[in-house]
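Asks: For reference, the sequence and a predicted model appear below.
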Amino acid sequence: MSRADDIRDLMRTEGAAIAENTQGFNEGRYASVADLADYEELKSEARAIKEDAIERLPELVDQLETAVTENGGTVYLAEDAADANEYIRSVVAERDADRVVKSKSMTTEELEVNEALEADGVDVLETDLGEWVLQLAEEAPSHIVAPAIHKSRESIADLFEELFDPEEPLETAEELTRFARAELGERIVDSEVGITGANFLAAESGTMALVTSEGNARKTVAATDTHVAVAGVEKVVPSVADFQPFVELIGRSGTGQDITSYVSLLTPPVETPVVDFADDETPLSEFEHDRDFHLVLVDNGRMAMRDDDQLRETLYCIRCSACANSCANFQSVGGHAFGGETYSGGIATGWEAGIEGLDTAAEFNDLCTGCTRCVDACPVGIDIPWINTVVRDRINREGERPADWLVDGLTPDEEDEGAPLQKRFFGNFATVARLGSATAPVSNWLADTQTARWLLDWVLGVDPRRDLPQFQRETFVEWFADRESTVENPRRRAVVYPDLYTDHVQVDRGRATVEVLEALGVDVVVPSVPSSGRAPFSQGMVTTATDHAERVHETLEPYIRDGRDVVVIEPSDHAMFVSEYEKLVDESSFETLAEHSYEVMEYVYGLLEGGADEGALAGVDTGEIAYHAHCQQRTLGLEAHTVAVLERLGYDVAVSDVECCGMAGSFGYKSDYYELSVDVGERLADQLETEDVAERPVVASGTSCLEQIDALLERKPRHPVELLAPDTDGEPGERPQ
Amino acid sequence: MPTDTLATFESSLAEYDVPVTRTDRAAVATTVAEVADPPAVGVALDETFGDDAFSLTDTDVTVDPTPAELQAALTGVTGARLGVGDYGTVALDQTERGSELVSLFVDTHVVVVREADLVAEMETAIESLGDAVEESRGSTILATGPSATADMGALVRGAHGPKDVHVVVTEDG
């Protein structure tokens, strides 16, 4: 099946359950972290603990080994999966165990411990209810925290019916849970070996934290006489006190629970007596607590990740699932599409690249659109989109060179990066746009012919169901060059950045920006500036993006030195200047540009706050408006400025709260992802079509968002600055001519 | 501890539908016996708290049960080392007397905590537990509400562990 077919199939079979659950978790996260007065502080603490621990990892592992040995346990450092499995098999064999009970552990999924033990004839029983369902159904987890998130209650009921033929039919979640509890409970007390993971390990005392809700991990340890804990080396932190921020953050960040039912702080071997559950004579306190404990610390690529400047951050991951739940694409497809061998969601790219290799990461890495909504959600502040970009860049470089004869001229890639043809087309969109405007309207007519669309689809994977951008013959920069500035005694002086789309396609919003700024007393210039590099950056073409970044800085820096502010209309370009460029240009260049750049409505907000006369702006005709902010703009905390300006002018603003519109630059144009993009977009469209909002004109900040909304709604959306422009009639829904 | 913390502790637990019964040392055994659905088993609370007033020997609660009695019991009674106001969390130490088994392999867990052992915040709790655990190399469970799962299509209380929790607080230490 093609990628598009796979995704369509998953959305049809699993999409509804995935969407409901992930969105529930995501809403829960917002609500739960809002209760934490010191949320940001806790995140910083958590981040600092992980940074320090990974930095000092070898030393901490030594210390942990000493502590566990002192406590009476054994530590085994496993180089890779085979090594770990061999050791675990030997422990189970030595105990002569018939059955191993397991609590949920992604690391054992990574190692495929179950298969290794089953090959020895051992009965391996998953006790987490979700994992058990998957074991019965012979399916893989679709989510790192809630593994059976893709299964509906009905499908679980059918599965139990088929496998167990229960006397009473099982219908409700409660009935299914009772049944599972009874089935598993009997077998847990009759098992010899219990395997758990470990969420955190304290080097100082050999104490581990296990974060659970069902109580199965407690039973797995308490009911058996041999405890094997399997954990990646990255789980080690200095002391139990360091668990604190994680205990407060992990449940909130993941499923939106303030805290899970149980956080076990175990210093194994634990003191709970090892009892014979059938014994009806001996009191509990008279049983011995002669328990064996083995800690299997797994490298399996992690130490190499630690040495890798770009992948290292992945090791800070506490596997809370926030990056999955907050991801618009994940909400539609789940971990069966957006995941590798073991891990799923945004951070999975880092894990899979480090553990399995680039090939595995390449299978799903494109599903990260770089919307950045996971960045604020991550409790340890991992720059997950950057990891995805870096890995994409590496995949591109590893890939075969595309057929040059097809791309000469159309997708010049001076950096010779080896990116696939489609990536180079979208990554070099600046060239396409330049050619498009130069030859418009002929270019638009040509591009829209059936033959051209077929070719675009066949050669470049541009989905024929998408409308193509209509290039304007007169660019924004050309329009500006032909007029004279009218501002005397300017309040401020600004350079408006003519982003690719504003310059070539949505010229109206550029004109509106100039008119608004001039009305508020700003002296404006609109020079020709290279494109920001957002497009190649999104395609993982980091060298090309860096080249753009350097040229943008070179072009804008003299204006800044001359006392001008940089005003940016397109939020994804503004995000490049104030965030992504940090990775691409030297520190001082980044700081100069970041410090002086403003998103246009943020700038207007500042002008009005600074005393500029709002009376100079267009009046309000229709008071009610619907607004969708751009994903990256929200991550930067800049949604509020647009809302504040519109409210100040008298608008009643209904704001969407979906994480992303689903268009995400070129993503929604790609044939493989068109339907996914529309599925994500429909969540936004649904919000814009609710009873209270359905009649409101729509404004949106991002180019992609505007395109997506335009495609999904009857109403023509506009950029908010167009509402403000004084020489229009201010009537939303119509573009100024 | 100020009464505020107890009130917060109660309201935190109310979110999990966990009732809190206030009592005092003199009445703690009676209170426990009242709230514990029979058959009930328990650990020796007098040893847990080092205070004879907590002894359950005069009640119907079977102290230090056999595994078979434990399996047949509906209710398990243990003590908590501390409680956390903000979260409604109790810290359950694992002991050689099988406190972990008594609090886990039952339908209802009745947990006794002294008001003096309540702390307002998780940070304080983990600092104190961390010191204790590092010193004793012991184990403790931070338990908040009943066991729960959402794996069967909706949130269900009572997964592998207790379905109900009842907290008894002694206000006079």
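Replies: Cool, got the structure. Numbers count the residues shown, from 1 in each chain, chains lettered A, B, ... in the order given.
Asks: Which residue would you name as the spatial centre of chain B?
Replies: Per Cα atoms, centre = their mean, the C-alpha nearest to the average position across chain B is that of residue B:111, at 2.3 Å.
Asks: Run through the neighbouring helices and strands of the helix or strand containing residue B:77.
Replies: Using DSSP states H and E, residue B:77 maps to strand B:75-79. If you count contacts as 3 or more Cβ pairs under 8 Å, 6 or more residues apart in numbering or on different chains; DSSP states H and E, strand B:75-79 packs onto strand B:40-42, helix B:45-49, helix B:99-104, strand B:108-114. Where C-beta positions appear, they are placed from N, C-alpha and C, glycine not excepted.
Asks: which other residues reach the helix or strand following the longest one?
Replies: Proceeding N to C from strand B:108-114, the next assigned helix or strand is strand B:118-119, under DSSP H and E. Contacts made with strand B:118-119 from outside it, assessed by Cβ atoms under 8 Å, 6 or more residues apart in numbering or on different chains, are listed as B:1, B:5-6, B:9, B:82-85, B:125, B:128, B:169.
Asks: Please name whichever of these scores lowest on pLDDT.
Replies: The weakest per-residue confidence within the contacts of strand B:118-119 falls on residue B:1 (49).
Asks: ok, back up a step: ok, the contacts of strand B:118-119 vs residue A:150, which is closest?
Replies: Each of the contacts of strand B:118-119 was scored against residue A:150 by Cβ to Cβ, and residue B:84 proved nearest at 34.7 Å.
Asks: Chain neighbours aside, what residue packs nearest to that closest one?
Replies: In space, and not counting its chain neighbours, residue B:84 is closest to residue B:125: 4.7 Å by Cβ to Cβ, 6 or more residues apart in numbering or on different chains.
Asks: Residue B:59 too?
Replies: Using Cβ to Cβ, 6+ apart, the nearest residue to residue B:59 is residue B:33, at 3.8 Å.
Asks: Which pLDDT value goes with the one you found?
Replies: On the pLDDT scale, residue B:33 gets 96.
Asks: contacting residues for it?
Replies: With Cβ under 8 Å, 6+ apart, residue B:33 has these contacts: B:40, B:56, B:59-61.
Asks: Tabulate those residues (TSV), appending pLDDT and distance to residue B:155.
Replies: TSV is the format used below for those (pLDDT from 0 to 100; distance: Cβ to Cβ, whole Å):
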residue	pLDDT	distance to residue B:155
B:40	98	27
B:56	96	33
B:59	96	34
B:60	96	33
B:61	97	31
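Asks: Apply the buried test to these and list what passes.
Replies: For these, a burial check counting by 16 or more other Cβ atoms under 10 Å in any protein chain shown picks out B:40, B:56, B:59, B:61.
Asks: how about those in a markdown table, adding secondary structure?
Replies: Formatted as a markdown table, the buried ones among the contacts of residue B:33 follow (DSSP: H, G, I helix; E, B strand; the rest coil):
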| residue | secondary structure |
| --- | --- |
| B:40 | strand |
| B:56 | coil |
| B:59 | coil |
| B:61 | coil |
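Asks: could you dump those to CSV with distance to residue B:48?
Replies: Converted to CSV, the buried ones among the contacts of residue B:33 look like this (distance: Cβ to Cβ, whole Å):
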residue, distance to residue B:48
B:40, 16
B:56, 10
B:59, 15
B:61, 13
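Asks: for residue B:142, helix, strand, or coil?
Replies: Applying three-state DSSP: residue B:142 is strand.
Asks: what pLDDT does it get?
Replies: Reported pLDDT for residue B:142: 98.
Asks: ok, back up a step: of the buried ones among the contacts of residue B:33, just say which sits nearest to residue A:158.
Replies: residue B:40 (38.5 Å).
Asks: measure that closest one to residue B:74 for me?
Replies: Distance, residue B:40 to residue B:74, using Cβ to Cβ, to the nearest Å: 7 Å.
Asks: and what of residue A:298?
Replies: 41 Å.
Asks: ok, now residue A:615?
Replies: Taken as Cβ to Cβ, the span from residue A:615 to residue B:74 is 74 Å.
Asks: Give me the more crowded residue out of those two.
Replies: residue B:74 (16 against 8; other Cβ atoms under 10 Å in any protein chain shown).
Asks: Could you pull up phi and psi at that one?
Replies: With angles defined as degrees, to the nearest 10, residue B:74 sits at phi -90, psi -30.
Asks: and residue 71, what does it touch?
Replies: Went with chain A since none was named. Residue A:71 neighbours (Cβ under 8 Å, 6+ apart): A:205-206, A:267-269, A:293, B:137.
Asks: not quite, I wanted chain B
Replies: A:189, A:277, B:105.
Asks: Which residues in the top helix by length along chain B does the neighbour count mark as buried?
Replies: Using DSSP state H, we find that the single longest helix of chain B is helix B:122-136. Buried positions in helix B:122-136, judged by neighbour count with 16+ other Cβ under 10 Å: B:122-123, B:125-126, B:128-130, B:132-134.
Asks: Then stretch A:452-466?
Replies: By 16+ other Cβ under 10 Å, the buried positions in stretch A:452-466 come out as A:452-453, A:456-457, A:460-463, A:466.
Asks: Residues contacting it, please?
Replies: Contacts of stretch A:452-466 (Cβ under 8 Å, 6+ apart): A:406, A:421-422, A:425, A:446-447, A:468, A:668-672, A:674, A:711.
Asks: mind redoing it with 6 Å?
Replies: Residues outside stretch A:452-466 that contact it (Cβ atoms under 6 Å, 6 or more residues apart in numbering or on different chains): A:422, A:425, A:446, A:669-671, A:674.
Asks: Dump these into a markdown table; add pLDDT, neighbour count and secondary structure as well.
Replies: Listed next are these as a markdown table, based on pLDDT from 0 to 100; neighbours: other Cβ atoms under 10 Å in any protein chain shown; DSSP: H, G, I helix; E, B strand; the rest coil:
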| residue | pLDDT | neighbour count | secondary structure |
| --- | --- | --- | --- |
| A:422 | 83 | 21 | helix |
| A:425 | 78 | 27 | helix |
| A:446 | 70 | 12 | helix |
| A:669 | 90 | 26 | helix |
| A:670 | 91 | 23 | strand |
| A:671 | 91 | 20 | coil |
| A:674 | 94 | 21 | helix |
